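>>> Sequence and predicted model, in that order:
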Amino acid sequence: MKEKSKGGKIPNKVWLLISFLTAMILWYLLSLNPKTARSFPNIVVTLKSVKTMIERGVFWKDIQSSLISVSAGFVLGFILSLPTAILMAWYRPVRNIIEPWIQFVRNIPPLAYVPLIVISAGVGRKPQIIVITIATFLIMTITIYQGVINIDETLIKAARVLGATDKDIFLKVIAPATLPFIMTAVRLGASVALTTLIAAESTGAVAGLGMRIRSLNNSFESEPMLLYIIIIGIIGITVEKVIKLLERKLTGWQEKREI
Amino acid sequence: MAGEERNIKLKIDNVKKIYNSRNGEMIALNGVSLDIYENEFICVVGPSGCGKSTLLNIIAGLLEPSSGKVYCDGKEVVGTGTERGVVFQQYALFPWMTVKKNVMFGLNLQGIKGAEAEEKAMKYIKMVQLEDFLDHYPKELSGGMKQRVAIARAYAVNPSVLLMDEPFGALDAQTRTQLQSELLETWEKERKTCFFITHDVDEAIILAQKVIIMSARPGRIKEIVDIDIPYPRTQETKMAPEFLELKNHIWSQVYQEYLEVRK
C-alpha cells in the first residue's frame, strides 16, 4: 500500500544525503571563488575553528548562554501568550484593545527597540530574556488566538446538546480543539526565539552565539563566524524536529497535516 | 388517525425569530405553530433560507425565539436538554476522539462511566454497524460512516426526540439511500419522535408521516401533507403511484417557494 511519489524508487534518506552533498559541493565552490572565499572558508578550516573557540574557553559558554536566554524567553513568552490569546478570543473589549498593538509591534524588528530595553533593564541576562519574551509572546499570542476563534462552532453546539456545561465545553472541547494551534504556536515561537537571538544578545551580553558572531565580525574571523551560524541552524532544526514529533503524537487526529 | 388519543411531544407555539443584521431586521420565522405527536416522524422541506434550521435550533434550545414558545412534554424549552438529541449536517464529531469515545461523550457527561458507558455505547455502535471501527478517528472514516457515528452518539444518551438538520445532505446518493433505510429501520424499532430537515423531497416522503412545507422568507408553514404510505417503506416505495403523486404535489409547492426566493 506504500505510495511512491515522483522521484522514483529513491528513499527519503537517500534524498537527504543527496541534498546534503549538493550543499557541501556548493559550499566548496563558494570557498574556491575569490569573491566569496572570505565569507565561505572551506569546511575543514571552519570545523577546525571549533577547537580554536574551545581553546579560547568560550565555545560551550556561548552555547549555554544562548540556550538559557532562548529557553527562558520562550517559556515566559508562552506562559504570557496562552491566557492573553484566550482572553482575546473570549472577550471582545480585550481583543479590540490589544490586537491592533500586537500587530503593530510584531512588524517592528526587535533590533530597533533593543536600546530602549537596555536603558530600562540594564545590560546582562535580563534584557536578553525580555527581548526574546516580547518577540515570542507576539507570534504565539496571534497564532493561538486565531486557533481559538476558528474552532468549529458546531462542535460546541454538539457538546451542548449532549449535556455539556460551560466548564465541560472549555475543558473537553475548546482545550483539545485548540491544541493543534498551540503546537503550531510553540513551533513558530521557538523559531522566532532563535531568529531574535542576535538582537537579544546585542544588549551588552558577555557570552552567547549571537554576541560572539558580532564580536568575531569586528576581528574579521570568518571561520568561527560561519561555524556559529551553522550551530544556530542546527539548534533550530533540532528543536523543530522535536516539536514536530510531539505534534504528531499529540495532534495526529487532525484532518489536515500542517506544514 | 382521528379519534386516536396521542400525546403532544413538541408544541411549537407562535414562534418568531428576528435577526438584527447590518441591513436591518431580517424575519427568519414569522409565527410558526405546530404540534408534533409522540413517536411521530416529521420532515420539513422548504427553500434555502426559509428558516428550517432556525426552527430546529430553537427546538434544540441552541437559539432563543424572539417571541413565542416551544414546549417539550408540556415543559417550556429553555436551553438545551438531553431529551432533545441533535444530528448536524456537518457531523460535528470530535476529531480528537475515537468512534467509541465520541459515542461515550454524552454518557460520560451524565456521569455514566466505565463498563456501563462502554456497554451502552457498544449497543448503538452496533446499531450503526461500526463495531469494526471502534478505535478509528473521524478523519479515517467516510462521510456516511461519520454520520452513522453522529447518529449513534445522539442515540446513546437516549433522547426522546431526535432533531436532524439535513443529516444526509452532504452524502452521495447511494450512501444517502442506505442511511435512509437504516434510519427507518431504527425508527420503526425505537419509535423516537423525529424532526428531520431536508432539501430532498424524495427523502422527506420516504421517511415521514407528515411533511411540513415551509414558505420562503419570512418562514411560515405553508402546508402540512400527510404521508399515508404504510411502513415498512423500502426504496421500491419510491416507484409507487401514491408516492409519485405526493412527490409531484410537494415538489411543485417547494418549487413555487424557490421561485419566490429568486425574485
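Good, I have the coordinates.
>>> alpha carbons only for contacts and neighbour counts from here, please
Will do.
>>> Quickly find the element holding residue 115.
Chain wasn't specified; assuming chain A. Per DSSP states H and E, residue A:115 falls inside helix A:110-121.
>>> ah, no, chain B please
Using DSSP H and E, residue B:115 maps to helix B:114-127.
>>> Run through the neighbouring helices and strands of the helix or strand encompassing residue B:261.
Applying DSSP H and E as the criterion places residue B:261 in helix B:241-262. Packing partners of helix B:241-262 (3 or more CA pairs under 8 Å, 6 or more residues apart in numbering or on different chains; DSSP states H and E): helix B:201-207, strand B:210-214.
>>> what would the ones you listed look like in CSV with distance to chain A and mean neighbour count?
Formatted as CSV, the helices and strands packed on helix B:241-262 follow (distance: least, CA to the nearest CA, whole Å; neighbours: other CA atoms under 10 Å in any protein chain shown):
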stretch, distance to chain A, mean neighbour count
helix B:201-207, 24, 23
strand B:210-214, 24, 23
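>>> pretty sure residue A:60 contacts residue A:51?
No: using CA atoms under 8 Å, residue A:60 is not in contact with residue A:51, being 11.2 Å away.
>>> How about the contacts made by residue 152?
The chain I'm using is chain A. Residues near residue A:152 by CA atoms under 8 Å, 6 or more residues apart in numbering or on different chains: none.
>>> My question was about chain B, not that one.
The contact partners of residue B:152, by CA under 8 Å, 6+ apart, come to B:103, B:121, B:124, B:125, B:127, B:128.
>>> do the same with residue B:229
B:242, B:243.
>>> do the same with the one 4 residues further on
Under the criterion of CA under 8 Å, 6+ apart, the neighbours of residue B:233 are B:184, B:206, B:207.
>>> can you do 7 Å?
residue B:206 (CA atoms under 7 Å, 6 or more residues apart in numbering or on different chains).
>>> ok, which stretches of the stretch 101-250 of chain A are helices?
Assigned by DSSP state H, counting those that start in this stretch, the stretch 101-250 of chain A shows helices spanning A:110-121, A:125-149, A:153-161, A:166-168, A:175-195, A:197-200, A:209-218, A:222-251.
>>> Return the per-residue confidence for residue 245.
Picking chain A for this. pLDDT for residue A:245: 93.
>>> that answer is for a different chain, and I need it for chain B
Note for residue B:245: predicted pLDDT of 92.
>>> Which of the three states applies to the residue nearest to residue A:158 when sequence neighbours are not counted?
Leaving aside its sequence neighbours, residue A:158 sits nearest to residue B:92 (CA to CA, 6 or more residues apart in numbering or on different chains; 6.4 Å). Under DSSP: H, G, I helix; E, B strand; the rest coil, residue B:92 falls in the coil class.
>>> which element is residue B:42 on?
Counting by DSSP H and E, residue B:42 is found in strand B:41-45.
>>> That strand packs against which elements?
Counting contacts by 3 or more CA pairs under 7 Å, 6 or more residues apart in numbering or on different chains; DSSP states H and E, strand B:41-45 packs against strand B:193-197, strand B:210-214.
>>> That one versus strand B:210-214: what angle between them?
Counting by axes from the mean of the first three to the mean of the last three CA atoms, to 10 degrees, strand B:41-45 lies at 20 degrees to strand B:210-214.
>>> pLDDT of strand B:41-45, averaged?
95.
>>> what are the pairing partners of it, and which direction each?
Sheet pairing here is set by DSSP bridges, and for strand B:41-45 it gives strand B:193-197 (parallel), strand B:210-214 (parallel).
>>> Distance to residue B:234 and mean pLDDT for these - can I get that in JSON lines?
Putting these into JSON lines (distance: least, CA to CA, whole Å; pLDDT from 0 to 100) gives the following:
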{"stretch": "strand B:193-197", "distance to residue B:234": "18", "mean pLDDT": "95"}
{"stretch": "strand B:210-214", "distance to residue B:234": "17", "mean pLDDT": "94"}
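>>> Contact residues of chain B facing chain A?
Applying CA under 7 Å from any CA of the partner chain, we find that chain B lies next to chain A at B:80-82, B:85-86, B:92-96, B:106, B:109, B:137, B:139.
>>> Return the residues in contact with residue A:64.
For residue A:64, the contact set (CA under 7 Å, 6+ apart) is empty.
>>> next one: the one 10 residues further on
Listed by CA under 7 Å, 6+ apart, the contact set of residue A:74 reads A:132, A:133, A:136, A:189, A:190, A:193.
>>> tell me which element it falls in.
Element membership for residue A:74 (DSSP H and E) is helix A:59-90.
>>> Off-centre distance for that helix?
10 Å (CA atoms, centre = their mean, to the nearest Å).
>>> Direction-wise, compare that helix with helix A:222-251 and give the angle.
Comparing the axes of helix A:59-90 and helix A:222-251 via the same axes, to 10 degrees yields an angle of 40 degrees.
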